[in-house]
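Undergrad: Structure for this input, please:
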Amino acid sequence: MSNIAINITSTSSEAPDVAPKKVVDRPRVMLVRPPQQFYHAAFPRGPRLSLPIGLLSLGSFLERNGIEVKIYDAFVEGSGFDKQDAKLKELSDYPMNRAVDGKSDGSSANKLMHFGATFEEMREAMARYQPDIVAITNLFRENTNETLECARIARQVAPDAVIAIGGPNANADAESMLTQKPEIDLVGLGDGEHILLELVEWKRGKRALNTIEGLVYRDAQGVFHRTEKRAFLQDLDSLGELNYGMIHLDRYFSYEKAGIMSRARYEYDGGEKSVSLVNSRGCPYKCTFCSIHIHAGRKFRTYSEEHVLNHLQNLVENHGVKHIHFEDDNLTLDRPRFMRIMQGVLDRGLKFTWDTPNGVFANTLDEEMLELMKKSGCVYLVIGVESGDQDVLDNVIRKKPLTIKKIVEVFQLGKKVGLDIHAFYIVGFPRETKENIMTTLNFALDSLKKWDVIPHLAIARADPGTELYREAKEGGFLRTNVEMANASGVHADRFVRHTIETPEFTTHELEELNEKYHRKFIRIIILKTAFFLLIHPKLAIESMTYLFRTIREEDYTVRQSVIKLFFCRLFYRNSMLRIR
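TA: Reported below is the predicted structural model:
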């Protein structure tokens, strides 16, 4: 692999054209999310099983343009799903402890496991469909091996097909993807809808490959070329509506009900009918750890308010959706727009609950907005705090213009309004001192004590393509191929490939601090919860009923059931009082 030449051109005119292996008049497109390996934690069981909304956008757009297209999400395909009843009581035995090749590896809790269809089942599905273009999503670095294996199988099944990779991680490391697997023909960069449509035209022999903007591809000699950068799409409404008929929506709901959740959420009857939704793309901020700008750009681009409201109405009225995870990176950035969307939800009489698992920017929030959020169905907000130290926010993370003063104000308002607030914190940046780290940890602890803000603490990970990765690599602070597993068994993010060590701290020291403060957080939460249930005896009885039902009906151990009780009910005490 090291002998492969790399030639990155700056313009398409310098990149040579490459003919498709076979010209096809009406190409068939297969969009694939490969199966996944993950660590089996106490809760939630399984990986994050969100809808493949990126593939759904691609597929809906292609279908609208007359292209034959199929979405194959390995998470809900194959015998792994077909052999389960609605509650998936055999989940711990099948399919999660199968190795990637379909054989049992004798795994147990906190061991690497395989979820979804086997690769052989995926191979059979490809053979039945016989695609001419296979587009594989690579969302996270942790799933790269599965993506590469999927490409290898696709090439075996369809030797003349175009094998394309897209997604955030592929965008960040396109040349590496091509280097690792010669079966991959190209990587699409940025918004993928028009790239795929133009690749169909290339496969039909109707245009040259080097005229398609936003590609990294290899020529016949194995040399890599990059075409001109594609401008990010501004009119998102032009992509049209999502066709949820392209996926098995009921299967995601079944998994969600069984505890294989896309995101942590407040659980109530019907709440398993939960979907993720993105109403905007891009982020203007320059946080050093964030990679969103690589594939979505720095300009905030939105669907129109009417489009968003119609989409929400379709989900609620035609698909029975009860809960929505707004996955936008900047849901509230345009305050007037989001206020009008929430008011539109109320005006149309749409009944659903919602949350913001990716976090929102505290600077856009005020009491009026929090009140309207609560009224329109918000269960909880996650605030992207990152650090409790102002100097770190300004000069290390560069999260300007966020201030600790504004964060505290929002925390206080959340308690006043009666809206559950969670917060993201990150420690372990280059140039961060032990004193800075302790300031953040103690700020998180104090915010929990004073304003009931649930902390989510993470150790900084340097993703390729980010400013953090560049700084850590140049400073000699980068540590690769490190796996971290929190002993509590409740954290979903179990893989860390690039961590940071400086003269101020080691990875081991950060892990110990993480554990120490995690235990402190849990003790305070338990005490606060006990007091809450003491003054709300009806909710105490409901909580005990929920606990025993989980043990009896969902095949959870007592420990798993207690953890689920907190993650799905007791972390949302304000919601327990108003959403039944």
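
Undergrad: and I383, that one's in a strand?
TA: Yes. Under DSSP: H, G, I helix; E, B strand; the rest coil, I383 sits within a strand.

Undergrad: residues near it, how many?
TA: By other Cβ atoms under 10 Å, the residues close to I383 number 23. All C-beta atoms are positioned from the backbone trio N, CA, C, and that covers glycine.

Undergrad: got the contact list for it?
TA: Contacts here follow Cβ atoms under 8 Å, 6 or more residues apart in numbering; on that basis I383 touches G359, V360, A362, L365, I407, V410, F411, I421, H422, A423, F424, V453.

Undergrad: Just the buried subset of these, written out for ChimeraX, thanks.
TA: Here is the ChimeraX command that selects the buried residues among the contacts of I383 (16 or more other Cβ atoms under 10 Å):
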select :359,360,362,365,407,410,411,421,422,423,424,453
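
Undergrad: Out of the contacts of I383, name the two that are farthest from one another.
TA: L365 and F424 (14.8 Å; Cβ to Cβ).

Undergrad: Looking at the contacts of I383, which are in strands?
TA: Per DSSP state E, strands hold the following members of these: G359, V360, I421, H422, A423, F424.

Undergrad: so the last one bridges to which residues?
TA: On DSSP bridges, the residues paired with F424 through beta bridges are G384, H456.

Undergrad: quick one: it and A458 touch, right?
TA: Yes. If you go by Cβ atoms under 8 Å, F424 and A458 touch, sitting 7.0 Å apart.

Undergrad: can you pull the contacts of L312?
TA: L277, I324, V345, L350, F352.

Undergrad: now do V427
TA: Counting by Cβ under 8 Å, 6+ apart, V427 has contacts S387, I437, T440, L441, L457, A458, I459, A460, L510, L513, N514.

Undergrad: Among those residues, which one is most surrounded by other residues?
TA: Going by other Cβ under 10 Å, S387 tops the contacts of V427 with 26 neighbours.

Undergrad: how about the strands in the stretch 251-400 of the chain?
TA: 274-277, 280-281, 301-302, 323-326, 353-360, 378-386 (DSSP state E, counting those that start in this stretch).

Undergrad: Which elements pack onto the second one?
TA: Under the contact criterion of 3 or more Cβ pairs under 8 Å, 6 or more residues apart in numbering; DSSP states H and E, strand 280-281 touches strand 301-302.

Undergrad: State the paired neighbours of the strand it packs on in the sheet, together with their directions.
TA: Paired with strand 301-302 in the same sheet, following DSSP bridges, are strand 280-281 (antiparallel).

Undergrad: Quick one: distance of the partner strand to the chain centre.
TA: 14 Å (Cα atoms, centre = their mean, to the nearest Å).

Undergrad: what residues does it touch?
TA: 191, 232-233, 236, 296-297, 300-303, 328-331, 333.

Undergrad: now do stretch 151-160
TA: 20-22, 32, 119, 122-123, 126-127, 130-132, 134, 136, 161, 163, 165, 181, 183-184.

Undergrad: Going through the residues you listed, which ones are buried?
TA: 20, 32, 119, 122-123, 126, 131-132, 134, 136, 161, 163, 165, 181, 183-184.

Undergrad: Please list the members of these that lie in strands.
TA: Reading strands off the buried ones among the contacts of stretch 151-160 with DSSP E, I get V32, V134, I136, I163, I165.

Undergrad: Could I get these in TSV, plus columns for distance to Y268 and pLDDT?
TA: Converted to TSV, those look like this (distance: Cβ to Cβ, whole Å; pLDDT from 0 to 100):
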residue	distance to Y268	pLDDT
V32	34	97
V134	40	98
I136	36	96
I163	43	97
I165	39	96
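
Undergrad: Between the residues you listed, which sits nearest M576?
TA: V32 (40.0 Å).

Undergrad: List the residues that contact that closest one.
TA: V32 sits next to L55, Y72, D73, A74, M122, V134, A135, I136, T137, C150, A154 when contact means Cβ under 8 Å, 6+ apart.

Undergrad: Now flag whichever of the residues you listed is closest to E371.
TA: L55 (36.5 Å).

Undergrad: quick one: contacts for that closest one?
TA: L31, V32, R33, I71, D73, A135, T137.

Undergrad: Most widely separated two among those residues?
TA: D73 and A135 (12.8 Å).

Undergrad: Of these two, give the one with the bigger neighbour count.
TA: Under the neighbour definition other Cβ under 10 Å, D73 and A135 were set side by side, and A135 has more, 28 against 24.

Undergrad: wait, doesn't that one sit right on G59?
TA: No. The criterion here is Cβ under 8 Å, and A135 misses it with G59 at 9.4 Å.

Undergrad: Between these two, which contacts overlap?
TA: With Cβ under 8 Å, 6+ apart, A135 and G59 have common neighbours V29, L31.

Undergrad: before we move on, back to that, possible to save the contacts of V427 as a markdown table with distance to S575, pLDDT and secondary structure?
TA: Shown next, in a markdown table, are the contacts of V427 (distance: Cβ to Cβ, whole Å; pLDDT from 0 to 100; DSSP: H, G, I helix; E, B strand; the rest coil):
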| residue | distance to S575 | pLDDT | secondary structure |
| --- | --- | --- | --- |
| S387 | 28 | 96 | coil |
| I437 | 32 | 97 | helix |
| T440 | 27 | 97 | helix |
| L441 | 27 | 97 | helix |
| L457 | 22 | 94 | strand |
| A458 | 24 | 91 | strand |
| I459 | 29 | 92 | strand |
| A460 | 31 | 92 | coil |
| L510 | 32 | 93 | helix |
| L513 | 31 | 94 | helix |
| N514 | 27 | 92 | helix |
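
Undergrad: possible to save the residues you listed as a markdown table with distance to K400?
TA: Shown next, in a markdown table, are the contacts of V427 (distance: Cβ to Cβ, whole Å):
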| residue | distance to K400 |
| --- | --- |
| S387 | 12 |
| I437 | 20 |
| T440 | 17 |
| L441 | 22 |
| L457 | 23 |
| A458 | 21 |
| I459 | 23 |
| A460 | 18 |
| L510 | 25 |
| L513 | 26 |
| N514 | 27 |
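
Undergrad: In CSV, could you pull the C-alpha coordinates for stretch 564-580?
TA: The C-alpha coordinates for stretch 564-580 follow below in CSV (Å, rounded to 0.1, in the frame of the first residue of the first chain):
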residue,chain,number,x,y,z
LYS,A,564,-32.4,1.9,32.7
LEU,A,565,-34.7,3.4,35.2
PHE,A,566,-32.3,6.4,35.6
PHE,A,567,-31.5,6.8,31.9
CYS,A,568,-35.1,6.5,30.8
ARG,A,569,-37.0,8.1,33.7
LEU,A,570,-35.3,9.6,36.7
PHE,A,571,-32.8,11.8,34.7
TYR,A,572,-35.9,13.7,33.5
ARG,A,573,-37.7,14.6,36.8
ASN,A,574,-39.4,17.6,35.3
SER,A,575,-40.8,15.5,32.5
MET,A,576,-42.0,12.9,35.0
LEU,A,577,-44.2,15.6,36.5
ARG,A,578,-45.9,16.6,33.2
ILE,A,579,-45.5,13.8,30.6
ARG,A,580,-47.3,10.5,31.5
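
Undergrad: quick one: buried residues of that stretch?
TA: Residues 564-576 are the ones in stretch 564-580 that count as buried (16+ other Cβ under 10 Å).

Undergrad: Can you name the two of those residues that sit furthest apart?
TA: K564 and N574 (19.2 Å).

Undergrad: Buried subset of the contacts of strand 280-281, written for PyMOL?
TA: Typed into PyMOL, the line below selects the buried ones among these, using 16+ other Cβ under 10 Å:
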select buried, resi 191+232+233+236+296+297+300+302+303+328+329+330+331+333
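
Undergrad: pLDDT below threshold where in the stretch 1-150 of the chain?
TA: For the stretch 1-150 of the chain, the stretches flagged by pLDDT under 70 are 1-13, 38-47, 80-113.

Undergrad: which residues in the stretch 351-500 of the chain form helices?
TA: Assigned by DSSP state H, counting those that start in this stretch, the helices in the stretch 351-500 of the chain fall at 367-375, 390-391, 404-417, 434-451, 467-474.
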